[in-house]
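Undergrad: Predicted structure and sequence below. I'll ask about it afterward.
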Amino acid sequence: DAMVIQNPRYQVTQFGKPVTLSCSQTLNHNVMYWYQQKSSQAPKLLFHYYDKDFNNEADTPDNFQSRRPNTSFCFLDIRSPGLGDAAMYLCATSRDSYQETQYFGPGTRLLVL
Amino acid sequence: QQQVKQSPQSLIVQKGGISIINCAYENTAFDYFPWYQQFPGKGPALLIAIRPDVSEKKEGRFTISFNKSAKQFSLHIMDSQPGDSATYFCAAIKFNDYKLSFGAGTTVTVRA
């Protein structure tokens, strides 16, 4: 009965080689978020979707893009991964703007060689 | 700038002891203050949360104390167990703003 599913759990890519991370949810929530979490740090919000409306954080590098083809799925595309992009990438959802709780997925650990 | 300050960075407690983590915030517009628990290699999970019009909330062994005038809140873990060993993040959010402001995190180690 997993609610927020992320695939793959581990991803190894080469420097500069595009990579896509996947998130799906069974909660039918309107809002989906992507966070980057580096070792011993708090999660950092990259962007979020409210339904189809995309909201980018001001300090999110252009190298990071996202797509949400439908309510259930959201993708994180890293166009040209650098060594500094190695991190845990977390997907989260919430029902709507007045829903306090964000539900996090298990994360995808990205390694850049 | 970090909107929520959290301390300590880490703590070690004996089994059965009390773990206390403190957080402070500046923005009085925050509407909700959740605590997340994160185990290594896993995503954060909501542990307990409080609204600013409540001074204390207890769920099992976990208690949040909230001091609105001081703009501080804390998590108490009573009767700490080895399974409580994890990283704990306090956070704050404004409704309709979407963005969780996280503290830096506290790594709790409970020794058997």
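TA: Received it, and whenever you're ready, just let me know what you need.

Undergrad: does the most centrally placed residue in chain A sit in a helix or strand, and which one?
TA: Centroid-nearest residue in chain A, with C-alpha atoms, centre = their mean: residue A:34, separated by 3.0 Å. In this structure, residue A:34 sits in strand A:31-37 according to DSSP states H and E.

Undergrad: re earlier: residue contacts, the residue nearest to the centre of chain A?
TA: The contact partners of residue A:34, by C-beta atoms under 8 Å, 6 or more residues apart in numbering or on different chains, come to A:23, A:45, A:46, A:47, A:48, A:64, A:66, A:74, A:76, A:89, A:90, A:91. C-beta here means a position set from N, CA and C on the backbone, and glycine is covered the same way.

Undergrad: how far away is it from residue A:88?
TA: Look at residue A:34 and residue A:88: by C-beta to C-beta, to the nearest Å, they are 11 Å apart.

Undergrad: Distance of the nearest residue to the residue nearest to the centre of chain A once chain neighbours are set aside relative to chain B?
TA: Once flanking residues are discounted, residue A:34 sits nearest to residue A:46: 4.6 Å by C-beta to C-beta, 6 or more residues apart in numbering or on different chains. Distance of residue A:46 to chain B, given as C-beta to the nearest C-beta, to the nearest Å: 11 Å.

Undergrad: does residue A:46 belong to a helix or a strand, and which?
TA: Residue A:46 is part of strand A:44-50 when elements are defined by DSSP H and E.

Undergrad: if you average pLDDT over the helix or strand just after that strand, what comes out?
TA: Once strand A:44-50 ends, the next helix or strand along the chain (criterion: DSSP H and E) is strand A:53-56. When pLDDT is averaged over strand A:53-56, the result is 93.

Undergrad: Residues contacting strand A:53-56, please?
TA: Residues outside strand A:53-56 that contact it (C-beta under 8 Å, 6+ apart): A:46, A:47, A:48, A:49, A:66, A:68, B:98.

Undergrad: before we move on, what about stretch B:89-96?
TA: With contact meaning C-beta under 8 Å, 6+ apart, stretch B:89-96 is reached by A:42-43, A:97-98, A:100, B:3-4, B:6, B:21, B:23, B:25, B:27, B:29-36, B:38, B:44, B:73, B:75, B:99-103, B:105-106.

Undergrad: Please convert the buried members of those residues into ChimeraX selection syntax.
TA: To isolate the buried ones among those in ChimeraX, judged by 16 or more other C-beta atoms under 10 Å in any protein chain shown, type:
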select /A:42,43,100 /B:4,6,21,23,25,30,32,33,34,35,36,38,44,73,75,100,101,102,103,105,106
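
Undergrad: List the ones among the contacts of stretch B:89-96 that fall in strands.
TA: B:4, B:6, B:21, B:23, B:25, B:33-36, B:38, B:73, B:75, B:101-102, B:106 (DSSP state E).

Undergrad: when you check chain A, which of those turn up near it?
TA: Checked against chain A using C-beta under 8 Å from any C-beta of the partner chain, the ones in strands among the contacts of stretch B:89-96 yield the following neighbours: B:34, B:36, B:102.

Undergrad: Please consider this matter closed, and thank you.
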